[in-house]
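In: next one to model:
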Amino acid sequence: MFEHYSEILKDLKSHSHFRNIKDFTEKDAKYIYLKDKRLINLSSNNYLGFADNKKITEEFLNYTGDKFSLGSASARLLTGTLPVYKELEKLITTLFYKESALLFNSGYHANVGINSSIASKGDVIFSDKLNHASIIDGMRLSEAKFFRYPHNNMEALEKLLNRERKNFNNAIIVSESVFSMDGDIADIEKLVELKEKYNCLLILDEAHAFGVFGKTGLGVAETLGLTDKVDLIVGTFGKAIGSMGAFAAGNNIIINYLTNKARSFIFSTALPPINIAFSKWIIENKLPFTYEKRTKMLELGQKAGSQSHIIPLVIGDNKETVDTCDILFQNGYFTLPIRPPTVPEGTSRIRISLTVDINERELFDAISLAKSKK
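Out: Below you'll find the predicted structure:
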């Protein structure tokens, strides 16, 4: 029986697809420690440096003391809701000028739960080709029909809508705002125009933008002044906020619907209260003072040719990508090879994720090293 799995693993290794879990000994806001080496971490989603920050952690614990427990021991709909959960949901609701919000355990939980339940048999979902795996998995679990339009191709999306929308009851358009593997930004203005023209709901996953983009850090929709035009905004606390969990913000009807239908919400033990409290504390007490640092980080990403703080260095071949990561490792940088199925065949890459602690010299030294390998 196990020979089947063994052969698959051998095949993964032979094509430089095999993944393993690294044995890190320590992390902080900028560095990661592996094999007795201190490495500049270019593969972290800790964009604002809040996670693994001893000063931040100490300040939070001094503030909260022993008020919050380390486990909820129940799903939210049973006994897993305490006042702090409702307080964080109310905070998100207020920030986004929405009617309601719902917490999920992770961005994956949110996208799977939302996209598997938001559309039923007789409905349709239109999804960007490069949307995150969690969105794709959610659509696959749905009973709805779904179409994946070419990445950021609004003309192709409109052709699909014109051809298919009339054949279905409810229709949903779903997109990331900042795409996680390419660092480019969706044409949200056009998405809003198309959702209104063809009577669709628009779901926007701001996972990599929440905490980074916008005057108050709410995301790309805030930057464009379109928050009110997006029907459901999804974000995560596990990246820029440096915590754990995710949220969806929308009107009362859609949030009540998800509360009753999103299986990843209904059947999951709630996150520990201390995580919820930490997310709330960061958003209220730390995020408002990050605008200048965030702006500089985004400007640095743009200087490197990206639209955001995510900079893809597309190499193509799996083995060459792995070898390039090894060279960067020897020179004091930690990066990871991004390979299929995360990205399309032939587009293996190193994805540099900037944080506010990475400076221009460090970034361009790393890019030069990677390009010299090519």
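
In: drop to CA atoms for contacts and neighbour counts, all remaining ones
Out: OK.

In: now the helices for the stretch 101-250 of the chain?
Out: For the stretch 101-250 of the chain, the helices defined by DSSP state H, counting those that start in this stretch cover 107-117, 133-141, 154-164, 188-197, 220-224.

In: how far out from the middle of the chain is the last one?
Out: Read that as helix 220-224. 16 Å (Cα atoms, centre = their mean, to the nearest Å).

In: ok, and what's touching it?
Out: 177-178, 188-189, 206, 209-210, 213-215, 227, 230 (Cα atoms under 8 Å, 6 or more residues apart in numbering).

In: ranking these by neighbours, who comes first?
Out: Ala209 (28 neighbours; other Cα atoms under 10 Å).

In: out of the contacts of helix 220-224, who's nearest Thr321?
Out: Val178 (23.2 Å; Cα to Cα).

In: pLDDT below threshold where in this structure?
Out: Applying pLDDT under 70 to the chain flags residues 373-374.

In: per-domain residue ranges of it.
Out: 18-48+290-373, 68-287 (automatic domain parsing).

In: next, count neighbours for Ser116.
Out: 24.

In: wait, doesn't it sit right on Ser142?
Out: Yes: the pair Ser116 and Ser142 passes the contact test of Cα atoms under 8 Å, sitting 4.1 Å apart.

In: mind checking how far Glu189 is from Leu95?
Out: 21 Å (Cα to Cα, to the nearest Å).

In: ok, Leu34 next?
Out: Distance from Leu34 to Leu95, by Cα to Cα: 39 Å.

In: and if you look at Phe104?
Out: 18 Å.

In: which residue of these two possesses the greater neighbour count?
Out: Shown here are Phe104 and Leu95; by other Cα under 10 Å, Phe104 has more neighbours (27 against 13).

In: with adjacent residues omitted, what lies nearest to that one?
Out: The shortest distance from Phe104 to any non-neighbouring residue, by Cα to Cα, 6 or more residues apart in numbering, is to Ala246 (4.9 Å).

In: list the beta-bridge partners for the one you found.
Out: Phe104, Thr236 (DSSP bridges).

In: thought Gly107 was touching it, still the case?
Out: Yes: with contacts counted by Cα under 8 Å, Ala246 reaches Gly107, the gap being 5.2 Å.

In: show me which of those two is the more surrounded one.
Out: Each of Ala246 and Gly107 has its neighbours counted (other Cα under 10 Å); Gly107 has more, 26 against 23.

In: residues contacting that one?
Out: So Gly107 contacts 134, 207, 235-236, 238, 245-247 (Cα under 8 Å, 6+ apart).

In: ok, 6 Å please
Out: Going by Cα atoms under 6 Å, 6 or more residues apart in numbering, Gly107 touches 236, 246.

In: do the one 5 residues further on as well
Out: When the contact criterion is Cα under 6 Å, 6+ apart, the partners of Val112 are 134-135, 138.

In: any of these buried? List them.
Out: 134-135, 138 (16 or more other Cα atoms under 10 Å).

In: output the residues you listed in JSON lines, with distance to Leu82 appended to each entry.
Out: Converted to JSON lines, the buried ones among the contacts of Val112 look like this (distance: Cα to Cα, whole Å):
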{"residue": "Ser134", "distance to Leu82": "28"}
{"residue": "Ile135", "distance to Leu82": "29"}
{"residue": "Gly138", "distance to Leu82": "28"}
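
In: closest one to Leu336 out of the residues you listed, please.
Out: Of those, the one sitting nearest to Leu336 (Cα to Cα) turns out to be Ser134, at 20.1 Å.

In: Asn46 versus that closest one, what's the distance?
Out: 20 Å.

In: same deal with Ser6?
Out: 35 Å.

In: higher neighbour count, those two?
Out: Neighbour totals were compared for Ser6 and Asn46, and Asn46 leads with 24 against 11 (other Cα under 10 Å).
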